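In: sequence and computational prediction follow.
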Amino acid sequence: MRLNINLASRPYEDARRFYMQWLPILIVLAVIAITLCTYAYRRYDDSRQIENQLAEKRQQVTQLDKERSEAESILNRPENSGTRDQAQFLNALFARKAFSWTNVLTDLEKIMPPKVQVVSIKPDLNGDGQLQFTLSVTSEKRDDAIELVRRMETSPRFREPQMLSETSKSDSKENKFTAEIVSEYSPVVRKGSS
């Protein structure tokens, strides 16, 4: 029977081989950890700055709402009813005058299906003070008018288009489909205009 006894107090270790194998891996992991920590800190700092900006904007909106309610309370006094009515009339008139026929027709031209013709456009203000218009169109088929509504839904200029009414006439020569579409219109805000 043979016994292997190590009488050394510290057994031999090949430390150089250990460091050559594991040190590059540890360096790569340390670099990745530092990069991720830096990225996380930047994201945190960016989000904190955005939160501060949002808080400032909320405070401004609150201040503007307060000023608006004060102005409305002054305008709603009985002695100011004539001024209020005149201001509402003028604001509605200015909003109608701001309606750009050129912009609307250009935007409609971009999305209009080939066999659909515009008969009339009637701009108006809805209950929220938003600009909307009623569009009368004719086409040979109902599907063409529905395609126009679909295209209006995907356009950033037209909001919530709806077909109000539709009529169909057919005689011996042609089929004629007429539809009325109502939609809010959001004009392009040009840079530099206020």
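Out: Thanks, I have the structure now. Residues are numbered from 1 along each chain as shown.
In: so for this structure, the centremost residue is which one?
Out: With distances taken as Cα atoms, centre = their mean, the chain has residue 156 as the residue nearest its mean C-alpha position (8.5 Å).
In: any idea which element that one lies in?
Out: For residue 156, there is no helix or strand it lies in under DSSP states H and E.
In: so what's it up against?
Out: residue 186 (Cβ atoms under 8 Å, 6 or more residues apart in numbering). The C-beta positions use only the backbone N, C-alpha and C, and glycine is treated the same way.
In: list phi and psi for it.
Out: The phi and psi torsions at residue 156 (degrees, to the nearest 10) take the values phi -70, psi -10.
In: quickly note the distance from it to residue 72.
Out: If you measure residue 156 against residue 72 using Cβ to Cβ, to the nearest Å, the figure is 31 Å.
In: could you do residue 109 as well?
Out: As for residue 109, its distance to residue 72 is 40 Å (criterion: Cβ to Cβ).
In: so after the host helix or strand of residue 104, what's the next helix or strand?
Out: Residue 104 is part of helix 101-111, with elements assigned from DSSP H and E. As assigned by DSSP H and E, the chain's next helix or strand after helix 101-111 is strand 116-125.
In: what does that following strand rub up against?
Out: With contacts defined as Cβ under 8 Å, 6+ apart, strand 116-125 is touched by 92, 95-96, 99, 101, 104, 108, 112, 131-139, 144-145, 147-148, 178, 185.
In: swap the cut-off to 10 Å and go again
Out: Counting by Cβ atoms under 10 Å, 6 or more residues apart in numbering, strand 116-125 makes contact with 91-92, 95-96, 98-101, 104-105, 108-109, 112, 130-141, 144-145, 147-148, 151, 177-180, 182, 185, all of which sit outside it.
In: what's the angle between that strand and helix 101-111?
Out: Going by axes from the mean of the first three to the mean of the last three Cα atoms, to 10 degrees, strand 116-125 is angled at 140 degrees with respect to helix 101-111.
In: can you list the strands that strand 116-125 pairs with?
Out: Paired with strand 116-125 in the same sheet, following DSSP bridges, are strand 131-139 (antiparallel).
In: list the buried residues of the helix or strand following the partner strand.
Out: Stepping forward along the backbone from strand 131-139, the first helix or strand reached (DSSP H and E) is helix 142-154. When burial is assessed from 16 or more other Cβ atoms under 10 Å, helix 142-154 yields the following buried residues: 144, 145, 146, 147, 148, 149, 151, 152.
In: list the buried residues in the following helix or strand past helix 142-154.
Out: Towards the C-terminus, the helix or strand next in line after helix 142-154, according to DSSP H and E, is strand 158-170. For strand 158-170, a neighbour-count test (16+ other Cβ under 10 Å) marks 158, 161, 163 as buried.
In: that older thread, would you list the buried residues of helix 142-154 in JSON lines and tack on distance to residue 60 and pLDDT?
Out: As requested, these are arranged in JSON lines below (distance: Cβ to Cβ, whole Å; pLDDT from 0 to 100):
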{"residue": "144", "distance to residue 60": "47", "pLDDT": "87"}
{"residue": "145", "distance to residue 60": "44", "pLDDT": "86"}
{"residue": "146", "distance to residue 60": "43", "pLDDT": "88"}
{"residue": "147", "distance to residue 60": "43", "pLDDT": "89"}
{"residue": "148", "distance to residue 60": "40", "pLDDT": "88"}
{"residue": "149", "distance to residue 60": "38", "pLDDT": "88"}
{"residue": "151", "distance to residue 60": "37", "pLDDT": "89"}
{"residue": "152", "distance to residue 60": "34", "pLDDT": "87"}
